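In: mind looking at a prediction? Sequence and model below.
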Amino acid sequence: MVKKILLLIPLFAICCFLFPPLVRADCPASDYDCQITDLQRAIDALAPAHEKNKGDLMVLKKQVAALDSKLAVISKSLVTIEVNLTKRGRELETAKSVFEAKTSENYKRLRFFDPLAPFFFADSMSDFFRELTYRRRVVEENNRLVTDYLTELDKLKTDKANLEKTKLSLAAAKKTVGEKANFLQVEVDKVQTYINQVTAKQQELSALKAGGFSTSVGDTPGTLEPCSGAPGSSNFCDPGFRPAFAAFSFGAPHRTGMSQYGALGRAKSGQSAETILSAYYQGSTLVKDYPSPATIGVTGFGRISFEENYLLGIYEIPESWGDSGGYEALKAQAVAARTYALAVTNNGAGTICTTEACQVYKSALKSGKWAQAVRDTRGWVLKKDGALTKTYYASTSGGFTISQWGWSGIKDASGDWPSTSFEKIGGSPWFYKGWYKSRGGATCGRVSPWLTGVEMADILNAWKVVSQGGGDVSRVSPVGGCWGGNPYSQSELQNIGGFSSVNSVSIIYSNDGYTLKVNFGTNKGDVSIDGSELKKAFNLRAPGYIGIKSSLFNIEKL
């Protein structure tokens with residue numbers, strides 16, 4: 001499966017500086033691709049929402065800064081207007097005083113002055129009219145000056161009122177955005193505190209339980225593992241006690257891009273490779289005449305022929321699918337493998353690894369249906385926004401792919417989910433499964449994924465500590481000899497959380513493929529737990545290797 005995530009050695013070095021390397025028992029110390037993939041699983045398992053919250057917080061902080069800047073400009077403008085208002089007010093008072101003085105003088109002159117005097121004493125009629133015109137202009141000029149000052153003063157007052165109003169609006173907006181930013185800051189700090197409290201061993205445990213299995217099909221399909229099935233399935237094992245609870249995951253943690261078993265189910269339902277690709281890689285364009293490079297760099301093999309060697313050595317899905325109604329799925333896989341390899345190597349100039357951290361390549365080249373699919377799709381690639389794109393894929397998405405890494409999630413079913421999911425038609429052994437073994441097959445003494453009522457209550461007490469505080473998060477790990485450390489005993493956790501029994505459980509799924517809420521009936525009454533919070537606590541506390549692999553899961557009760 002194409003994990004395609006952290007391919008940067010510097011990031012690996014940073015992670016190793018912060019935490020000891022999280023190496024599984026089946027991950028050789030020299031296999032850095034494997035270790036890097038494990039580290040990414042740990043990061044993904046801890047906080048996809050944490051990164052979103054941090055991004056949202058950064059946006060809000062930028063908005064607050066922008067509002068602060070605007071408020072500063074407006075405040076400065078208000079100061080300038082205040083100064084102008086004061087200045088104009090003084091000038092208006094001066095003009096008013098002059099006007100009043102002249103008016104008083106004119107009044108006195110008019111009162112004691114015979115209006116006919118200018119006529120009698122003027123040297124000529126022109127002098128008489130000149131005097132009258134002068135007096136009228138003086139009055140008109142005084143009136144104009146006062147009117148202009150009053151008009152300008154009114155305008156300044158209006159400008160001030162508008163700026164004051166804008167300032168209040170911006171202040172209100174800043175308060176609203178600030179409150180949102182403060183809320184997100186609390187959430188980010190809360191998650192960061194949790195991450196800081198979780199030990200490296202807990203991160204290894206969480207990563208292993210959340211993603212410690214191969215999520216591409218490989219060369220042979222998975223088998224129905226005994227005792228991993230739900231009630232009614234052929235691989236169900238009755239635990240022999242009641243009440244019994246088990247977590248069943250829909251698909252794998254990756255769930256992005258193309259589902260390989262979904263593609264098989266679509267092919268068996270009559271869909272072409274083109275239709276399959278358009279369903280999973282929405283927004284992309286299928287190009288059928290792309291000039292592939294002659295060679296590509298492959299880790300451990302140097303530069304090899306791209307079409308006649310590298311693509312023929314891709315071991316991601318079984319060739320046998322081509323003989324059982326799945327040939328169009330092989331063609332879709334060939335296009336996805338070709339496009340991904342070219343996208344991550346800059347059209348073949350760079351180097352690609354040979355493990356599932358990139359996509360699996362082996363030097364034993366295929367010559368059957370897979371080779372035919374590669375040749376039938378020669379020149380076929382997917383582009384998005386005009387460029388080659390990273391075409392992620394995995395074996396099983398649980399009937400929903402998720403929006404991530406540039407791709408939109410889809411409901412991968414022809415009708416109702418989960419009954420008409422294409423992965424069920426394709427026969428995926430990972431579509432709905434209870435996980436209780438490590439990738440290497442270790443069980444830590446467990447024979448099934450089923451938990452007793454006391455163990456389920458213990459996980460709820462762990463959730464209380466992990467998500468609501470009141471205890472030491474670093475001590476929330478499985479009880480028993482498999483993991484060591486100093487975990488809380490069941491009685492210690494019960495003293496903190498208060499849950500001693502669970503009698504019922506129900507699930508609320510989101511419309512886009514997540515477990516939204518898990519509702520439990522307990523000795524403390526009904527409790528509703530966020531799906532991501534329960535998964536986190538479950539994978540830290542569940543006994544042995546029992547774990548939830550997907551963000552889409554169910555809790556069954558017997």
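Out: Structure's in. What do you need?
In: OK, contacts around the closest residue to residue 366 other than its chain neighbours?
Out: Distances taken as CB to CB, 6 or more residues apart in numbering place residue 312 nearest to residue 366, at 5.4 Å, with adjacent residues excluded. All C-beta atoms are positioned from the backbone trio N, CA, C, and that covers glycine. When contacts are counted by CB atoms under 8 Å, 6 or more residues apart in numbering, residue 312 touches 365, 366, 367, 370, 371, 374.
In: ditto for residue 282
Out: Taking CB under 8 Å, 6+ apart as the criterion, residue 282 is in contact with 407, 408, 410.
In: tell me the one among those residues nearest to residue 257.
Out: Distance to residue 257, by CB to CB, is smallest for residue 407 among the contacts of residue 282, at 5.4 Å.
In: separation between residue 421 and residue 230?
Out: 14 Å (CB to CB, to the nearest Å).
In: ok, residue 246 next?
Out: 8 Å.
In: what do the two both touch?
Out: Taking CB under 8 Å, 6+ apart as the contact rule, residue 246 and residue 230 both touch 434, 556.
In: how about residue 369, nearest residue that isn't a chain neighbour?
Out: Closest to residue 369 by CB to CB, 6+ apart is residue 322, at 2.9 Å.
In: look at the one you found and say how many residues are nearby.
Out: Using other CB atoms under 10 Å, residue 322 is surrounded by 20 other residues.
In: wasn't it part of a helix?
Out: Yes - the assignment for residue 322 is a helix, going by DSSP: H, G, I helix; E, B strand; the rest coil.
In: surely it touches residue 330?
Out: Yes - in terms of CB atoms under 8 Å, residue 322 counts as a neighbour of residue 330; the distance is 5.0 Å.
In: for the residue nearest to residue 366, give me the pLDDT.
Out: We note a pLDDT of 97 for residue 312 in this prediction.
In: which SS class is the residue nearest to residue 412 when sequence neighbours are not counted?
Out: Nearest residue to residue 412 in three dimensions, chain neighbours excluded: residue 262, at 4.7 Å (CB to CB, 6+ apart). Recorded secondary structure, residue 262: helix (three-state DSSP).
In: check contacts around residue 262.
Out: Listed by CB under 8 Å, 6+ apart, the contact set of residue 262 reads 280, 396, 397, 412, 421, 422, 423, 426.
In: would you list these in a markdown table and tack on neighbour count?
Out: A markdown table is the format used below for those (neighbours: other CB atoms under 10 Å):
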| residue | neighbour count |
| --- | --- |
| 280 | 27 |
| 396 | 32 |
| 397 | 35 |
| 412 | 30 |
| 421 | 29 |
| 422 | 26 |
| 423 | 29 |
| 426 | 27 |
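In: how far is stretch 243-255 from where the chain is centred?
Out: Taking CA atoms, centre = their mean, to the nearest Å, the mean C-alpha location of stretch 243-255 is offset from the chain mean by 22 Å.
In: ditto for stretch 513-525
Out: Chain-centre distance of stretch 513-525: 24 Å, with CA atoms, centre = their mean.
In: before we move on, what about stretch 504-520?
Out: That offset, for stretch 504-520, works out to 20 Å (CA atoms, centre = their mean).
In: need the residues that contact that stretch.
Out: Contacts to stretch 504-520, defined as CB under 8 Å, 6+ apart, come from residues 245, 255, 397-403, 409, 411, 460, 502, 521, 526-532, 534-535, 551-555, 557.
In: buried residues, it. List them.
Out: 505, 509, 513, 514, 515, 518, 520 (16 or more other CB atoms under 10 Å).
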